[in-house]
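# Got a sequence here, can you model it:
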Amino acid sequence: MTHAQSIDFTHPEVVEQMWVVNDGVMGGISQSRVRADSEGVILEGRVSLENNGGFASVRSTAVFNQDAATLELKVRGDGKRYKFILRTDTSPRTPMYQAEFIAPDAWTVVRFQPNDFKASFRGRAVAAPELVFSEVKEIGILIADRQEGLFRIQWQYVRALSHLGDK
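Next up is the predicted model:
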């Protein structure tokens, strides 16, 4: 578990702690893999809509300080729509919080406030407590929303800022 305001995905030992969750948990056949790279972890694969499938993701444990007000990601990808996912409880029966972003082919920093996230459970919107970043236990990146085919996204870091002006 990382107890830091920043998680650096350029370190192989950080990437070794990550895991893939694909639609196979529900009978789908999407495939993905996560691999270390000196510029940041890479998640790549193919999303398939067969067998009611349609998503692939990578997850990691995380802990953010009490004063975390903004989370920023540094990513680059294939121009597709992804979701930054957060969980405040690691039980499979609890909702996750999701915020959408586009991963362009050049490195981009994307910033998120708690109200950018929508709670969902198994792809459906649900009522849930307001998100507080310091309560997050798990982070990840997800591709879904019927985006069938090959995908590739690279993730360099996630950083918690106490206010928008932090560097």
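# all contacts plus neighbour counts: C-alpha atoms, from now on.
OK.
# so what's residue 97 bridging to?
residue 86, residue 119 (DSSP bridges).
# If you rank every helix and strand of the protein by mean pLDDT, what lands last?
One helix or strand of the chain scores below all others by mean pLDDT, DSSP states H and E: strand 124-125, with a mean of 90.
# Quick check: what element follows that one along the chain?
strand 138-143 (DSSP states H and E).
# For that following strand, which helices and strands make contact with it?
strand 56-61, strand 81-87 (3 or more CA pairs under 8 Å, 6 or more residues apart in numbering; DSSP states H and E).
# can you redo those as CSV with distance to residue 49 and mean neighbour count?
CSV is the format used below for these (distance: least, CA to CA, whole Å; neighbours: other CA atoms under 10 Å):
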stretch, distance to residue 49, mean neighbour count
strand 56-61, 11, 22
strand 81-87, 16, 21
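# Now render these as JSON lines, adding distance to residue 105 and mean pLDDT.
Output for the helices and strands packed on strand 138-143, formatted as JSON lines (distance: least, CA to CA, whole Å; pLDDT from 0 to 100):
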{"stretch": "strand 56-61", "distance to residue 105": "19", "mean pLDDT": "96"}
{"stretch": "strand 81-87", "distance to residue 105": "12", "mean pLDDT": "97"}
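# Of all these, which one comes closest to residue 18?
Proximity of the helices and strands packed on strand 138-143 to residue 18 was assessed by CA to CA; the nearest stretch is strand 56-61, lying at 4.7 Å.
# What is the very next helix or strand once past that closest one packed up against?
Using DSSP H and E, the helix or strand that follows strand 56-61 towards the C-terminus is strand 70-76. Using 3+ CA pairs under 8 Å, 6+ apart, the elements in contact with strand 70-76 are strand 108-112, strand 149-161.
# winner for burial among those?
With neighbours taken as mean count of other CA atoms under 10 Å, the helices and strands packed on strand 70-76 reach their highest mean count in strand 149-161, at a mean of 20.
# And the pLDDT at the nearest residue to residue 156 once chain neighbours are set aside?
Distances taken as CA to CA, 6 or more residues apart in numbering place residue 40 nearest to residue 156, at 4.1 Å, with adjacent residues excluded. Here the pLDDT value assigned to residue 40 is 97.
# Distance from the chain centre to the least confident helix or strand of the chain, please.
What separates the centre of strand 124-125 from the centre of its chain is 17 Å, taken as CA atoms, centre = their mean, to the nearest Å.
# before we move on, back to that, including distance to residue 50, could the helices and strands packed on strand 138-143 go into CSV?
Below are the helices and strands packed on strand 138-143 laid out as CSV (distance: least, CA to CA, whole Å):
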stretch, distance to residue 50
strand 56-61, 13
strand 81-87, 20
